[in-house]
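[1] Dropping the sequence and predicted coords here.
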Amino acid sequence: MMQDALKAMVARAALAYVRPGEIVGVGTGSTVDKFIDALGLLGAPLAGAVSSSNASSERLRAHGIRVFDCAEVGELGVYIDGADEIDPNGCMVKGGGGALTREKIVAAQSRQFICIADESKQVPVLGRFPIPVEIIPMARGRITRQFAKMGGRAQLRCVDGEPFVTDNGQNILDVHGLQIEEPLAFEADVSQWPGVVCVGVFARQRAHCCLLGTASGVRTLAFD
């Protein structure tokens, strides 16, 4: 089964977690794009959505779905988002699309995090995918050196030869060569470094459930 078909399959499966009349949290990325498209065809009345990126907000509005600012609403019932990696405990690497900070904010505001992903994202230990870290640009050199001391190689994310700029106006370092054996400790440590806005390890805001697209159908992984 092609990867796009797997993404579409888990996106449709996630609709079961959306309750009419509620405000749903919506993430960012190619799998989430398919979820937004499916949400637009759902037909059930939604109060609206809170989005983790400008791109997702635009797509939601194109489907006639009202987008709320995160600060305008209280606790969300559910947050639907993808992952670049997910481990056996529901901890994830996120931020390949550059929206990690807002994704973590919306996840923290939601009672339930439903991860939607294809089976290629399932890993025994996080770190195969480079760890995205959103940073304030002036701290780039020092943060790069701190990762080097840990055995990691931090590379500035660029697009067309220019530094990638997040929706928050900051840059991203993609850190290669690390294996994250203790995601919660790693997230807590790196998050305290001066100049780090957000680290793309989601351990405190890990998934409650993962809808995993496989060639034999959707597998539901529940985490304690």
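    Received, thanks. Note that the coordinates shown come from a computational prediction; the quantities given were computed from them, not determined experimentally.
[2] where do the helices sit along this structure?
    Using DSSP state H, the helices of the chain run over residues 3-13, 30-40, 54-62, 100-108, 140-149, 183-191.
[3] I'd like those as TSV, with distance to G127 and mean pLDDT appended.
    The way it works is simple: take the backbone N, C-alpha and C, and place the C-beta from them, glycine included. Listed next are the helices of the chain as TSV, based on distance: least, C-beta to C-beta, whole Å; pLDDT from 0 to 100:
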stretch	distance to G127	mean pLDDT
helix 3-13	22	89
helix 30-40	21	93
helix 54-62	26	96
helix 100-108	16	97
helix 140-149	12	98
helix 183-191	9	98
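[4] if you compare the ones you listed, which one is most tucked away?
    Across the helices of the chain, the average number of neighbours (mean count of other C-beta atoms under 10 Å) peaks for helix 100-108, which reaches a mean of 23.
[5] and the angle for that helix with helix 54-62?
    Relative orientation of helix 100-108 and helix 54-62, computed by axes from the mean of the first three to the mean of the last three C-alpha atoms, to 10 degrees: 60 degrees.
[6] Remind me what helix 100-108 packs against, helices and strands.
    Packed against helix 100-108, as judged by 3 or more C-beta pairs under 8 Å, 6 or more residues apart in numbering; DSSP states H and E, are the following elements: strand 23-26, strand 48-51, strand 76-81, strand 131-135, strand 196-199, strand 201-202.
[7] most packed of those?
    Among the helices and strands packed on helix 100-108, highest average neighbours (mean count of other C-beta under 10 Å) belong to strand 201-202, with a mean of 30.
[8] Tell me how this protein divides into domains.
    3-123+204-222, 131-199 (automatic domain parsing).
[9] averaging pLDDT over each of those domains, which comes out lowest?
    Of all the domains of the chain, the minimum mean pLDDT falls on domain 3-123+204-222 (a mean of 94).
[10] How far does that domain stretch from one end to the other?
    Start and end residues of domain 3-123+204-222 are separated by 22 Å (C-alpha to C-alpha, to the nearest Å).
[11] How far off centre is it?
    Relative to the chain's own centre, domain 3-123+204-222 is displaced by 8 Å; criterion: C-alpha atoms, centre = their mean, to the nearest Å.
[12] now stretch 159-168
    That offset, for stretch 159-168, works out to 18 Å (C-alpha atoms, centre = their mean).
[13] Including distance to T101, could the helices and strands packed on helix 100-108 go into TSV?
    Listed next are the helices and strands packed on helix 100-108 as TSV, based on distance: least, C-beta to C-beta, whole Å:
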stretch	distance to T101
strand 23-26	14
strand 48-51	13
strand 76-81	13
strand 131-135	5
strand 196-199	4
strand 201-202	11
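[14] Of all those strands, which one is nearest F223?
    strand 201-202 (12.0 Å; C-beta to C-beta).
[15] surely L60 meets V67?
    Yes: contact between L60 and V67 holds when scored by C-beta atoms under 8 Å: they sit 5.2 Å apart.
[16] Report how many residues lie close to the residue nearest to E103 when sequence neighbours are not counted.
    Of all residues not flanking E103 in the chain, S52 sits nearest, at 4.3 Å (C-beta to C-beta, 6 or more residues apart in numbering). Neighbours of S52 under the rule other C-beta atoms under 10 Å: 28.
[17] Over to V218?
    Neighbourhood size, V218 [other C-beta under 10 Å]: 16.
[18] which ones are touching the residue nearest the centre of the chain?
    In the chain, the residue lying closest to the centroid (C-alpha atoms, centre = their mean) is K94, at 4.4 Å. Counting by C-beta atoms under 8 Å, 6 or more residues apart in numbering, K94 touches 81-84, 100, 103-104, 132, 200, 202.
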